[in-house]
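Q: Next come a sequence and a model predicted from it.
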There are 2 protein chains.
Amino acid sequence: MRNAFAMSITSQETTVRLEDQVCFALYAAARTAQQAYRPLLDELGLTYPQYLVLLVLWEQDGQTVSALGDRLHLDSGTLSPLLRRLDEHGLITRERQSTDARRVSVHLTAAGDDLRSRAAEVQRCLEGAVPLPPEDLLSLRDLSRRFAGSDA
Amino acid sequence: MRNAFAMSITSQETTVRLEDQVCFALYAAARTAQQAYRPLLDELGLTYPQYLVLLVLWEQDGQTVSALGDRLHLDSGTLSPLLRRLDEHGLITRERQSTDARRVSVHLTAAGDDLRSRAAEVQRCLEGAVPLPPEDLLSLRDLSRRFAGSDA
DNA sequence: GGCGAAAGCATTGCGCACGATTCAATTGTG
DNA sequence: CACAATTGAATCGTGCGCAATGCTTTCGCC
């Protein structure tokens, strides 16, 4: 609103600066985070979204596709091919539920379960690499959650 | 290391909870931000990264591909096809510099410049839609910048 | 001037994200 | 029971993101 008058004069006036934008900062920070994970996850043959799926399955095995999607805020259009690749890599299996043949439950294989301890090492490697003090990380996490959780 | 013993008993012990992770919070928040922009940018025929490129060009026209990449933290593998689509949509033109034929400078067309005022409207629509108080948004932006800026 | 190294950009390949659509299976309703 | 509506997952098309590769151009250095 504040530049309403200036905007009416010439299009040169509406300077929306990139660096002022919260959304761009989030966009850049999220990609920075994934880049930090990449070299470590490469050794496990995982992408970051695949790692997140395993994280959810390690918490509780045998969840449905839509349950995974609820946790990760992803739909079947993203998860189905991702799960197919995890299946092809031998980390999970998928099977239609007998009680409701619409649902597909996702289960870890032994190989998928074995990655858990190696993934814990990934976490330890990254904890030391973050340049922000712990209290700022907590603030960043909580603010991000509130930002994202608002639409849920 | 703290769960090394427990880990040797059963793999159930290394619980890295998804919701505790800063990186997942950033990942989810960044996608939430893009989803907030999407319906508004759809009316302009833009994606969010395309909008960011135009934002940079509205600040200063005629920048090179690598200059845009520096601002947005994107490489030519991402920008080249994105710029080609903006070109095909008639919003920008690209031309090799005569002084240095390696460089390609990107210029707004009249149509690209006209989008500027409509984009300002997008900003105003979103400002009211964000559920966080302004001071929290500033905190989120600055923490995100520090998180991302550390690797620069 | 010649020539190897580096810069700048384009292309390719793969894996997300997401809207839209499709399809089977289930649920709800009369 | 019939049948319309809904649900759950898969598929498709488009557009990022990014590593790897290739190619032209420029620069550095002799």
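A: Thanks, I have the structure now.
Q: what does the model give the residue positioned nearest the centre of chain A for pLDDT?
A: Taking C-alpha atoms, centre = their mean as the criterion, A:Pro49 is the residue nearest the geometric centre of chain A, at 5.4 Å. Reported pLDDT at A:Pro49 in the predicted model: 98.
Q: Isn't it up against A:Leu82?
A: Yes. Look at A:Pro49 against A:Leu82 with C-beta atoms under 8 Å: they come within range, at 6.1 Å. The way it works is simple: take the backbone N, C-alpha and C, and place the C-beta from them, glycine included.
Q: What is the burial count for A:Arg84?
A: Using other C-beta atoms under 10 Å in any protein chain shown, A:Arg84 has 12 other residues around it.
Q: All the helices of chain A, in order from the start?
A: Under the criterion DSSP state H, chain A contains helices at A:4-9, A:22-44, A:48-59, A:65-72, A:76-88, A:110-127, A:134-149.
Q: Distance to DNA strand D added to the ones you listed, as a markdown table?
A: Conversion of those to a markdown table gives the following (distance: least, C-beta to the nearest atom of the strand, whole Å):
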| stretch | distance to DNA strand D |
| --- | --- |
| helix A:4-9 | 26 |
| helix A:22-44 | 4 |
| helix A:48-59 | 10 |
| helix A:65-72 | 3 |
| helix A:76-88 | 3 |
| helix A:110-127 | 16 |
| helix A:134-149 | 16 |
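Q: hey, least reliable of those by pLDDT?
A: Among the helices of chain A, helix A:4-9 scores lowest, with a mean of 40.
Q: can you tell if stretch A:52-61 touches chain B?
A: Yes. Applying C-beta under 8 Å from any C-beta of the partner chain, one finds stretch A:52-61 touching chain B at A:Leu52, A:Leu55, A:Val56, A:Trp58, A:Glu59.
Q: just to revisit the earlier point, and the helices of chain A as TSV, adding distance to B:Asp42?
A: Putting these into TSV (distance: least, C-beta to C-beta, whole Å) gives the following:
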stretch	distance to B:Asp42
helix A:4-9	22
helix A:22-44	16
helix A:48-59	24
helix A:65-72	23
helix A:76-88	18
helix A:110-127	36
helix A:134-149	21
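Q: Which one of those lies nearest to DNA strand C?
A: helix A:76-88 (2.6 Å; C-beta to the nearest atom of the strand).
Q: Quick check: buried residues in the closest one?
A: A:Leu79, A:Leu82, A:Leu83, A:Leu86 (16 or more other C-beta atoms under 10 Å in any protein chain shown).
Q: ok, A:Gln21 to B:Tyr37 distance?
A: According to C-beta to C-beta, to the nearest Å, A:Gln21 stands 10 Å off from B:Tyr37.
Q: And for A:Cys23?
A: Taken as C-beta to C-beta, the span from A:Cys23 to B:Tyr37 is 7 Å.
Q: Compare neighbour counts for those two and give me the winner.
A: Between A:Cys23 and B:Tyr37, counting by other C-beta under 10 Å, A:Cys23 is the more crowded of the two (24 against 19).
Q: B:Ala33 is in contact with that one, correct?
A: Yes. Contact criterion C-beta under 8 Å: A:Cys23 and B:Ala33 qualify, at 3.9 Å.
Q: count of residues packed around A:Asp100?
A: Counted with other C-beta under 10 Å, A:Asp100 comes out at 10.
Q: okay, it: pLDDT?
A: For A:Asp100, pLDDT reads 96.
Q: Dihedrals phi and psi, it?
A: Reported as degrees, to the nearest 10, the phi and psi values for A:Asp100 are phi -150, psi 100.
Q: Write out the residues of chain A neighbouring DNA strand C.
A: Counting by C-beta under 7 Å from any atom of the strand, chain A comes close to DNA strand C at A:47-50, A:73-78, A:81-82, A:85, A:99-102.
Q: repeat that with 10 Å
A: Contact residues (C-beta under 10 Å from any atom of the strand) of chain A with DNA strand C: A:30-31, A:34, A:41, A:45-53, A:69, A:72-86, A:88-89, A:96-103.
Q: what's the closest non-adjacent residue to A:Leu91?
A: In space, and not counting its chain neighbours, A:Leu91 is closest to A:Gly112: 3.7 Å by C-beta to C-beta, 6 or more residues apart in numbering or on different chains.
Q: quick revisit: what's the overlap in contacts for A:Cys23 and B:Tyr37?
A: B:Tyr48 (C-beta atoms under 8 Å, 6 or more residues apart in numbering or on different chains).
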